[in-house]
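**Student:** can't give you the sequence, but here's the structure:
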DNA sequence: ATAATTTCTTGATTTTTGTCAAGCGCAAAA
DNA sequence: TTTTGCGCTTGACAAAAATCAAGAAATTAT
C-alpha cells in the first residue's frame, strides 16, 4: 500500500480495494524543486495535491509582508480549496520549502472519482467537515490563547516541524513576529 | 417564498420548486426564549437550525471566561457542525440572546433530503466549502490585522449587530477584551 | 418609579507584543 | 577558503492590549 492509499483509507474512510486503485491511478506523481511555486495568488488552482515527501508553504504576500497560512508536510492534501471548487482566482501562493514529491490530480480527473465511486461524495464531505473543524480550533486558539500559549500548543502537536522549516514561517503562521517567537523559544519552561 | 426557501435558493443554489418544498417541509418551526439554550457543550448536537428571527450566541466556557465564537443572526444556519456530522459531543454552547424563531431539522430528517434530492450532496458540499473559506478569512484576519483593524473590518461588514447584542460578545468574537473594544470604539476615525 | 443587575466606559498600571537596528552563525556559492 | 546571504537572536524602545478597579449608563426586575 502506498502512502497515498494509506492516507485515503485512514482519512476518508474505508473504500474497497478496487475503488482505491481507481482513485489512486488518477493521481500523477510530480516533483517540484525547493523554491518552485505550485500555485501563485490570482491564478486558478486546478489541482489537488498530496504531499508524498517534502514541504510546502501556503502564504499570501501583502503590500509589506508575507503571511504564512499553513505549512504542508508529508501526508497532507494541499490546494486552494475555494479556487479548486469554484474555479475562482486563488488567494494563496504555494511554494516548495524543499524538493517535494506530490501526487496531484486535476479537477477534471477529480470529478471522475465521484462518477466511479458512489461513496465518494459522502467521504469527501466528511473530510471537508474535518478540515472545517480544524479551522474552528485554530480560530479558537486566537480568541483564547496568548502568543506564548499558541507556541507551546503548536510545539506539542507539530514539534517535528521546528527543525525542518525556517522558524519565521512558523511564527507567521501562529500570528507573531520572528522576534517574539525567538524570545518565547529561549524562555525557560519553569 | 419564505425566508428559508429564499436562503436555500441563494446559498445552496437552484433547486426546483418541488424539491424546495420537500426540503422546507422537513424543517420545524420552534421558538426559544432569550437566555434559553439551544445546545450545551458536551451534548450531542442533533439538529441544524436556521435563524428566522432573533439572535444566537455560540460560545465556549473555559475555566475563567467565556469565549464567543460567533453570533448568528437572521438568515444564518447554525449548528455544531462536527457534532452534527460525526455525532460526537459538541464543543459549543448555543444560547439565545433574544427571543428567537428557528427552523430546525433533525439529523434523521436531514438525511432524507439527500435521498429525495439527488443534487443535494453536491450543493451541501459547496455550502460547506464556502463556510470553510470564511473561516480561512477569519484566521487570516488574526494573522494579519491588529485588534483595531479587525474591529473596523467587522464594523464595516456587520455594523447592524452593534446595536443588537452586548458588545462584550462582539469583543470576544474578535479576540479582544471589552475594555480594548470600548477604547477603539471611542477613538476618532481621523 | 425605584431598585437591582448588567453592561459599558475610563483611568492607572502592567504585561505582551511589535519595531528597529545591529550582530552572530551557518550554509550555500564563488 | 572566502564571501555572501539568509535566518536567528538580542537589546533598546515603542506601541498595543490586558488587567484591575471604580464608576456611569443602560436594562431589567420589583
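**Tutor:** Happy to help now that I have it. What you are looking at is a predicted structure, and each value in this text was computed from that prediction instead of being measured. Numbering: from 1, shown residues only, chains lettered A, B, ... in the order given.

**Student:** mind listing what's buried in the longest helix along chain A?
**Tutor:** Using DSSP state H to assign secondary structure, the helix with the most residues in chain A is helix A:120-144. Residues of helix A:120-144 classed as buried: A:120-121, A:123-125, A:128-129, A:131-133, A:135-136, A:138-144 (neighbour count, 16 or more other C-beta atoms under 10 Å in any protein chain shown). Every C-beta, even on glycine, is put in place using the N, C-alpha and C of the backbone.

**Student:** average pLDDT across it?
**Tutor:** Rounded to a whole number, the mean pLDDT of helix A:120-144 is 96.

**Student:** And for stretch A:155-175?
**Tutor:** If you average the per-residue pLDDT over stretch A:155-175, you get 97.

**Student:** And it, what's buried?
**Tutor:** A:155, A:161, A:165, A:169-175.

**Student:** can you give me the helices for chain A?
**Tutor:** Counting by DSSP H, the helices of chain A are A:3-12, A:17-25, A:81-86, A:107-116, A:120-144, A:147-158, A:167-173, A:178-186.

**Student:** Show me what the second one is packed against.
**Tutor:** If you count contacts as 3 or more C-beta pairs under 8 Å, 6 or more residues apart in numbering or on different chains; DSSP states H and E, helix A:17-25 packs onto helix A:3-12, helix A:107-116.

**Student:** How about the contacts made by the nearest residue to residue A:167 once chain neighbours are set aside?
**Tutor:** Nearest residue to residue A:167 in three dimensions, chain neighbours excluded: residue A:181, at 6.1 Å (C-beta to C-beta, 6 or more residues apart in numbering or on different chains). The contact partners of residue A:181, taken as C-beta atoms under 8 Å, 6 or more residues apart in numbering or on different chains, are A:151, A:167-168, A:170-171, A:174.

**Student:** Tell me how far residue A:178 lies from residue A:135.
**Tutor:** Residue A:178 sits 24 Å away from residue A:135, taking C-beta to C-beta, to the nearest Å as the criterion.

**Student:** What of residue A:168?
**Tutor:** Summarising the geometry, the distance separating residue A:168 from residue A:135, computed by C-beta to C-beta, is 23 Å.

**Student:** now residue A:85
**Tutor:** Per C-beta to C-beta, residue A:85 is found 15 Å from residue A:135.

**Student:** Next: residue A:44.
**Tutor:** Counting by C-beta to C-beta - residue A:44 and residue A:135 are separated by 22 Å.

**Student:** for residue A:38, same thing?
**Tutor:** According to C-beta to C-beta, residue A:38 stands 21 Å off from residue A:135.

**Student:** Could you list the residues of chain A in contact with DNA strand C?
**Tutor:** Applying the criterion C-beta under 7 Å from any atom of the strand, the portion of chain A that neighbours DNA strand C consists of A:146-148, A:175-177, A:179-180, A:183-184.

**Student:** wait, residue A:104 sits on residue A:31?
**Tutor:** No - contact criterion C-beta atoms under 8 Å: residue A:104 and residue A:31 do not qualify, at 10.5 Å.
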